Every structure is written in C-alpha cells, then in structure tokens.
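S.K.: Next comes the sequence, and after it the predicted model I'd like to discuss.
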Amino acid sequence: MFQVRLHGRGGQGAVTAAELLSVAAFLEGRHAQAFPSFGSERTGAPVMAFCRIDDRPIRVREPVTQPEALVIQDATLLHQVNVFEGLRPGGAVLINSPRPVAELGLGDLANRALTVPATALALRHFGRPVPNIVLLGGLAALTGCVAIDSLAAAVRERFPGELGAANAAAAREAYDHVRTQRAQREEHAHAQTD
C-alpha cells in the first residue's frame, strides 16, 4: 500500500489534492482513499490530508502516520511543524519551493527530498497561487504512485474547461521538472561512486 501525507495551509488545496490523487488511482482501476485532518479550520492554518493507494481494498481508516511520501505545500511549515514525523526509511519528500533542497536546512533528509516551484508554476499557468495540483504532478514523477495521464484526467474531470486544462498543464510541467531533478541527482550519485 502506498501512503502519502500532504502538509499545507488552509486555502492551499491539500484536501482537494488528496482527493484528486485518489481519483487518479481509481481511474487506473486501483483502490484509494483520501481524507483530511484539520486543526483550526481557517485560511493559513496548518492542515494535513492523507491518501492511500493499493491494488486491494483498503480497510484501515486512521490518519497516515508512516507515509512513503510527503508533500509539503508550504516550505514555511518545515521549521514550524514536525512534517517529517513517521516518514518511512527511503521515503520521498516533495517541497513547494523555488530554492534547491540544499538551501532549506534539512540535514540528512535533503538526499530524500526534491523541490518544485509549484506556486510560481500555478501563477503562470492559471493565475492563482494554489500549488496543490502542480505538486501532484511532481509527486507522480517522484514516486510513480499514479501515471501523469491519469492525474491529468482526474484534474480535467474535476475542473472542466480552461481551468482544468491549465491545472493539468501545470502538473505536467512539475512532472517534467521533478523527472529532470531526479535524473540529475542520479547522475551526480553515480559520478560520486565512480
């Protein structure tokens, strides 16, 4: 079972992101569930959302405490909330930031994390600073949890017309961005071992 925890702030679309990720998995014929966890329900307050994907029915219903992947929609949460709590060994981290991972002060976790300038991509593609769907494109590239085509279909289903097309295009750009970063990281690691 693939489990992801999304950390964001109220208004950034973490709950919608978890739902869209589950729809993308459904479109692939898999089982999925998505649900939120709210502290104080106000814009800007830290929120979490969860998604599980499996090839078999999912019976567990509690929050994801040991995720295979984390999506951090707001880099200011890195040093305000223990977003890395329970991350499984070898788990992946995707952070919304225009800065490279090395500049974020993550220590040992830096080699498991990648960044994508999701807010900037969202602004460019559809004029709103909402990074959620953009980050899902990056997550698909980072983990392979769903195919980018399934994600784009889920987005267009939820947001028909121009908004859906623009969100899908932003997700695809994030997908390509993360694939490029992964390839560069692998080349660097390979060069270090030679």
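M.R.: Cool, the structure landed.
S.K.: Regarding this protein, what is its longest helix?
M.R.: helix 162-193 (DSSP state H).
S.K.: Can you list the helices and strands that that one packs against?
M.R.: strand 113-116, helix 118-126, helix 132-143, helix 148-158 (3 or more CB pairs under 8 Å, 6 or more residues apart in numbering; DSSP states H and E). Where you see a C-beta, it was placed from the backbone N, CA and C, and this is true even at glycine.
S.K.: among these, which is the most enclosed?
M.R.: helix 132-143 (a mean of 28; mean count of other CB atoms under 10 Å).
S.K.: That one - contacts with which helices or strands?
M.R.: Helix 132-143 packs on strand 2-9, helix 14-27, strand 69-72, strand 92-96, strand 113-116, helix 118-126, helix 148-158, helix 162-193, going by 3+ CB pairs under 8 Å, 6+ apart.
S.K.: And for the helix or strand of the chain with the lowest mean pLDDT, what's in contact with it?
M.R.: Among the helices and strands of the chain, strand 31-38 carries the lowest confidence by mean pLDDT, DSSP states H and E, at a mean of 89. Contacting residues not belonging to strand 31-38 are listed as 10, 14-15, 18-19, 21-23, 25-26, 45, 47-58, 61, 63 [CB atoms under 8 Å, 6 or more residues apart in numbering].
S.K.: Please apply the same query to stretch 17-27.
M.R.: For stretch 17-27, using CB under 8 Å, 6+ apart, the contacting residues are 4, 6, 8, 31-36, 49-51, 53, 71, 73, 132-133, 135-136, 139-140, 145-147, 150-151, 153-155, 157-158.
S.K.: Would you mark the buried spots in that stretch?
M.R.: 17, 18, 19, 20, 21, 22, 23, 24, 25, 27 (16 or more other CB atoms under 10 Å).
S.K.: Go ahead and measure how far it is from the middle of the chain.
M.R.: Averaging C-alpha positions (CA atoms, centre = their mean, to the nearest Å) puts stretch 17-27 12 Å from its chain's average.
S.K.: Okay, and the beta partners of the most centrally placed residue in the chain?
M.R.: Ranked by distance to the mean C-alpha position of the chain (CA atoms, centre = their mean), the top residue is residue 71 at 3.9 Å. Taking DSSP bridges, one finds residue 6, residue 94 as the beta-bridge partners of residue 71.
S.K.: wait, residue 109 sits on residue 83?
M.R.: No: using CB atoms under 8 Å, residue 109 is not in contact with residue 83; the gap is 9.9 Å.
S.K.: Name the residues of the least confident helix or strand of the chain that come out as buried.
M.R.: 31, 32, 33, 34, 35, 36.
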